[in-house]
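Trainee: Structure, please.
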Amino acid sequence: MDTPRAILPLDAGNTRVAFGVRWFGVVTVRGSFAEISGTLEVPGTGDQEASLAAQVESHSVHTGIGLRDRHLRGLRFLDSARHPAIRFVSTSVSRHNGVWDVKGRLTLRGLDREVSLSVRDERASAAQRKLTAEFSVPRHPHAIGAASGVRRLNPLLWAIGKEVNVTLEVLVPATMLAAEHVPAR
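Mentor: Residues are numbered from 1 along each chain as shown. Below is the predicted model:
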């Protein structure tokens, strides 16, 4: 017998992908992505069959400063012309002590890497729960903020922190998570 599955389409209305990176070691530059798509699937029983697939359009990056956004879309950072999407697809999901452990593949600038997420589950309202994951992505393996030739001597590129901290938040209808998925009080 098939287990009933709850499927939540992800979009900018229920999902937020934000990032922060240190600049000169003292300031954190923050931004987010406006165009998000994907699905979150949770079976009626058992979390091992849950899955997450999320995608952001790299050209939708927004930091509040237009010139910076154009630089981030450019060749040295996200290279949106050649790599229009950043994707995460889960490969396994488990739950321990109220925290979801999600492992999956992150595709960024054409490079795939294994990423582990610890997803917190908290009440957002009487009708919704908020699932939050925070993780770091190293810049150099993905060639984010990299330059070649004499341009790599630019001290402004050296001022960028080595890791980009990413936060993923998903608002989920409370009815989507079975009682055994909700953390005990």
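Trainee: low pLDDT regions in this protein?
Mentor: 1-4, 44-48, 145-159, 178-185 (pLDDT under 70).
Trainee: Tell me where the longest helix sits in it.
Mentor: Using DSSP state H to define each element, the chain has its longest helix at helix 66-73.
Trainee: would you list every one of the helices in this structure?
Mentor: Counting by DSSP H, the helices of the chain are 66-73, 155-158.
Trainee: residue boundaries of the strands in the protein?
Mentor: In the chain, the strands defined using DSSP state E lie at 5-10, 15-23, 27-33, 36-43, 51-57, 61-62, 85-96, 99-108, 111-123, 128-138, 163-173.
Trainee: For stretch 16-31, which residues meet the burial criterion?
Mentor: Under the neighbour-count criterion of 16 or more other Cβ atoms under 10 Å, stretch 16-31 has Arg16, Val17, Phe19, Gly20, Val21, Arg22, Val29, Gly31 buried. Quick note: C-beta positions are derived from backbone N, CA and C, even for glycine.
Trainee: re the thing from before, including distance to His71, could the strands of the chain go into a markdown table?
Mentor: Output for those, formatted as a markdown table (distance: least, Cβ to Cβ, whole Å):
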| stretch | distance to His71 |
| --- | --- |
| strand 5-10 | 27 |
| strand 15-23 | 12 |
| strand 27-33 | 11 |
| strand 36-43 | 22 |
| strand 51-57 | 17 |
| strand 61-62 | 10 |
| strand 85-96 | 17 |
| strand 99-108 | 17 |
| strand 111-123 | 20 |
| strand 128-138 | 18 |
| strand 163-173 | 14 |
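Trainee: quick revisit: between all of the buried residues of stretch 16-31, which two are separated the most?
Mentor: The largest separation in those, counting by Cβ to Cβ, is between Arg16 and Arg22 at 20.9 Å.
Trainee: Enumerate every residue touching Gln128.
Mentor: By Cβ atoms under 8 Å, 6 or more residues apart in numbering, the residues touching Gln128 are Leu171, Val172, Pro173, Ala174.
Trainee: Apply 6 Å and report the result again.
Mentor: Residues near Gln128 by Cβ atoms under 6 Å, 6 or more residues apart in numbering: Leu171, Ala174.
Trainee: hmm, back to that, any idea which of the buried residues of stretch 16-31 is the one closest to Gln55?
Mentor: Once Cβ to Cβ is applied, the member of the buried residues of stretch 16-31 that ends up nearest Gln55 is Val17, at 9.6 Å.
Trainee: Can you list the buried residues in stretch 128-143?
Mentor: By 16+ other Cβ under 10 Å, the buried positions in stretch 128-143 come out as Arg129, Lys130, Leu131, Thr132, Ala133, Phe135, Val137, Arg139, His142, Ala143.
Trainee: Ignore what I typed, I meant stretch 55-72.
Mentor: Buried residues in stretch 55-72, counted by 16+ other Cβ under 10 Å: Gln55, Val56, Ser58, His59, Ser60, Val61, Asp69, His71, Leu72.
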